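Q: what follows is a predicted protein model with its sequence.
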Amino acid sequence: MTMTSGKPDHGMSRNTRRLFSTTSLIALALAASAAFPLSVQAIGGTPAPDTSNTSANTTFDQFTQPDVVYNPKIIGLSGDGSTLLVTGYGELGYLPYLWNGSAGSSPVITSQFNASDINEDGSVYVGSGLSKAYRFKNGVVEDLGTLGGAYAYASYVSDDGNAVAGQGYTANSDFHALYWSTTSGATADGVMVDIGTLNGDSSSDVYAISGDGTTVVGVSGDEAYRWQVGGTITGLGVLGGDGSSKALAVSADGSVVAGTSTGGVDRVFRWTDAGGMRDIGNLTLADEDAGQGINFGRMSADGSTIVGSVNVSPDNKDPSYTAAYRWHVGSDGITGTMQNLGGFGGDYAKASAVNADGSVVVGSANDTNGLYHGFRSTEATGLTTVEDWLRANGATIAVDTTATAESVSNNGNVVAGMTQNGQFYYARVDALGAGIITPEQFLPTIQSAAATPTTTQLGSANTAMFGAQGSPMRNLLNAGQRSAWGTVDSGYDKSDASDGGFGLGEIGMGYGIADGVTGRFAIGGTYTNQDLEGGGDFNFKGFYLSPEVTANVVSNLYVTLGGYYAGGKMDIHRGYMNGGAQDFSNGNTDTQTFGGKLRFDWLDAVTIADTAISPYIGLSRANSKVDAYTESGGSFPVAYDEMSDHATIARLGADYVHPLSDSITLLARTEVAHRFEDKSSATSANILGLSSVDLPGHDLKQWWVRGGLGAEFAVGGGTASLMVNASTEGGDPSVWLRSGWKVNF
């Protein structure tokens, strides 16, 4: 790449409490009317390019962050603004990770590794570990070889990821700059090239590669050099003819070089073929005799603009300070002007990055209280905090949180850096809106909105098959006999993937097909309101159809076969923090769930103290699908791909029946359940304008127990029933009430 170097515990929600109080009316109505329907220094990296046409195929590839990380650093923002390459020192040494907050993958190299640069679309990054140079492309690691010596280092990568520049030892133990490419030109594909040295010097180093991969710049001995594919190493000279120089940056096409030259005083130069090496000059200060040490920061991809900082030592004994500068070339393409960007009243300002055409500069500056802020500067707006830039474009930012701004997209609309509490952030202004997020806070809201809907649909299927229709031995009919019933299951579920209330109501009819064979058919409606991570929620309204048949196998052994189909609509209100203020993006989609169950009951297997005990064993399978949808509203809407999941559950339990009187019967149930899947299904989504995100499945509780206590009593010519159920965390709701009434005729 062109180097221009350098879920909170919500408790029971108000909606849930309301749901408990009105659940019977809601569920019965649904049954009848449900529609069928830290101090951080930027290292290398080019100003990242325009993200307005970010490919939906750009995907985060997370590396697990070490348990203990010291001095994490932003290595660079990928060219499309989608991927942030970070490194930190942990228990295994230096490890890189591409930040997206999703979990589940491991480092490709598990020993010490130093990442150094990332390419345009985030698919390739390079670095060194175990004394070797490596290139990572789409998760595959490639050893680039050596120059004949023991060690090699990969430092910089071209925009397309196909060319790499670095350093290595030769067979003679000399340290030389190197070039490696997958394409023909300087050498055979994939073969490392020794760039060589100037004037027979024993060493050369590299500091940048052009975006097109044709040009490498650096230093050999004490002189800056430029090397092009198919050519030889060329010295660029030294300002004033005395001292030393280093080439630190090169334009995207390789025609402009920038760096530093030292001859008693630190200077910054810009080199072109037409103008040679030129000093970019000093800041114009009121104290004309003040000492100025100029530091190089970055150069724009087109070579027109250089930014950095100046260490100023006033001649009048005032305290020293650091000022941010921007130098821009004039109409002749050679000379230019130096501009002091200003600050926030403190004694420090540094320009860290510049966009592709030099019109947007970002960096860090402190205020009169010594507090650091990330800044963005343009000719039209001057220097402002990142937060004020967002506010000016319509964002509601409650408090200032940025400490640095270290990378910027080509069009200047995406800025990345560190917050004052040491988190990485993305800030942007585009057609979708203005806002700022930190991956640590934002990505869990995407995961929650993806995981909870399918989990809820599977839970509703299981509640219907083993809740509303969970007592087949209490609904046996003689041949030719008929029955009708209505039931309501309502309750609350609290787990890692759900937090809210539900209501499920059904009406159905049964028929005694033959002696020992009973058929039943139910139609029901469901309603769910669940809280989501980050302050949002969703609600679901739908219907289901469920046929089943129970047959006597032998003696008191019965088998029940049942099916389940559900459909409905879901409205999602995803909440997240945008600069300390609550923001929301909304979506709606359709869902479908299919299921089936197989159950064996041993009716009245044993009777103890007038209590008949009927053990049972059951197996169910449910498959749920949530259609793809795209959110609207908010500053960071997300497009979700289709989400599918399934649950296979085995149950072993017993029903207890104890007649209390001629009209009242006590009921109880105990059950242990096991889900065969240990992790929910993975899915993916696309943060509009940024990138896609792979969302791994979450760990599941595979074992849980359930208990129920209730009663049946004669009323209105039929039989009413109530049972309170409770479950440990797993595939069933935390607590729910089953109520119903049936009549045989």
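A: Looks like it came in fine.
Q: just confirm Ser692 contacts Tyr640, I think it does.
A: No: counting by Cβ atoms under 8 Å, Ser692 sits too far from Tyr640 to count as a contact (10.6 Å). Using the backbone N, CA and C atoms, a C-beta is placed for each residue, glycine as well.
Q: identify the contacts common to those two.
A: Residues within reach of Ser692 and of Tyr640 at once, by Cβ atoms under 8 Å, 6 or more residues apart in numbering, are Ala685.
Q: of these two, who's got more company?
A: A direct count of neighbours by other Cβ atoms under 10 Å for Ser692 and Tyr640 places Tyr640 higher, at 24 against 21.
Q: for the residue nearest to that one when sequence neighbours are not counted, which residues are in contact?
A: Nearest non-adjacent residue to Tyr640, counting by Cβ to Cβ, 6 or more residues apart in numbering: Ala685, 4.7 Å away. Each residue near Ala685 by Cβ under 8 Å, 6+ apart is listed here: Ile446, Ala450, Val638, Ala639, Tyr640, Asp641, Ser692, Val693, Leu695.
Q: please apply the same query to Met192.
A: Contacts of Met192 (Cβ under 8 Å, 6+ apart): Leu144, Gly145, Thr146, Leu147, Ala152, Gly168, Leu178, Tyr179, Trp180.
Q: out of those, who's nearest Leu722?
A: Using Cβ to Cβ, Leu144 is the member of the contacts of Met192 that lies nearest Leu722, at 71.8 Å.
Q: hang on, Ala451 in a helix?
A: Yes: under DSSP: H, G, I helix; E, B strand; the rest coil, Ala451 sits within a helix.
Q: doesn't His698 make contact with it?
A: Yes: between Ala451 and His698 there is a contact under Cβ under 8 Å: 5.7 Å.
Q: who's more crowded, those two?
A: Between Ala451 and His698, Ala451 has the larger neighbour count (other Cβ under 10 Å), namely 25 against 19.
Q: Phe113: neighbour count?
A: The number of residues packed near Phe113 is 23, by other Cβ under 10 Å.
Q: now swap in Gly519 and tell me
A: 16.
Q: hang on, the earlier thing: what helix or strand is the residue nearest to Tyr640 located in?
A: strand 683-687 (DSSP states H and E).
Q: got the CA positions of that strand in CSV?
A: Coordinates of each C-alpha in strand 683-687 appear next as CSV, following Å, rounded to 0.1, in the frame of the first residue of the first chain:
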residue,chain,number,x,y,z
THR,A,683,-24.7,-15.9,10.0
SER,A,684,-23.4,-12.6,8.4
ALA,A,685,-24.4,-9.0,8.0
ASN,A,686,-23.2,-5.9,6.2
ILE,A,687,-22.7,-2.6,8.0
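Q: beta partners for the residue nearest to Thr611 when sequence neighbours are not counted?
A: Leaving aside its sequence neighbours, Thr611 sits nearest to His658 (Cβ to Cβ, 6+ apart; 4.4 Å). His658 forms beta bridges with Leu666, as assigned by DSSP bridges.
Q: what's the local residue count around His658?
A: Neighbour number of His658 under other Cβ under 10 Å is 17.
Q: so it touches Leu709, yeah?
A: No: His658 lies out of contact with Leu709 (Cβ under 8 Å); the separation is 11.1 Å.
Q: what sits in contact with each of these two?
A: Residues touching both His658 and Leu709 by Cβ under 8 Å, 6+ apart: Leu667, Ala668.
Q: helix, strand or coil for Ala464?
A: Ala464 - assigned by three-state DSSP - is helix.
Q: still on that earlier bit, now list the buried members of the contacts of Ala685.
A: Buried by 16 or more other Cβ atoms under 10 Å: Ile446, Ala450, Val638, Ala639, Tyr640, Asp641, Ser692, Val693, Leu695, out of these.
Q: any weak-confidence spans in the stretch 501-650 of the chain?
A: For the stretch 501-650 of the chain, no stretch has pLDDT under 70.
Q: now do 90
A: Along the stretch 501-650 of the chain, segments meeting pLDDT under 90 span 501-502, 530, 533-535, 578-582, 635.
Q: mind listing the strands for it?
A: Taking DSSP state E, counting those that start in this stretch to define them, one finds strands in the stretch 501-650 of the chain at 517-531, 537-554, 557-578, 581-602, 606-608, 611-626, 629-630, 638-640, 643-659.
Q: and Val219, what is it in contact with?
A: Neighbouring residues of Val219 by Cβ under 8 Å, 6+ apart: Ser204, Asp205, Tyr207, Tyr225, Ser244, Ser245, Lys246, Ala247.
Q: beta partners of the residue nearest to Tyr640?
A: Ala685 forms beta bridges with Tyr640, Val693, as assigned by DSSP bridges.
Q: just the pLDDT at it, thanks.
A: The confidence metric pLDDT takes the value 89 at Ala685.
Q: Ile43 too?
A: pLDDT, Ile43: 28.
Q: same deal with Glu440?
A: pLDDT, Glu440: 79.
Q: repeat that for Arg651.
A: For Arg651, the model assigns a pLDDT of 97.
Q: residue numbering should commence at 717 henceforth.
A: Yep, numbering from 717; the last one is Arg1367 now.
Q: how close does it sit to Arg1454?
A: Going from Arg1367 to Arg1454 by Cβ to Cβ, to the nearest Å gives 16 Å.
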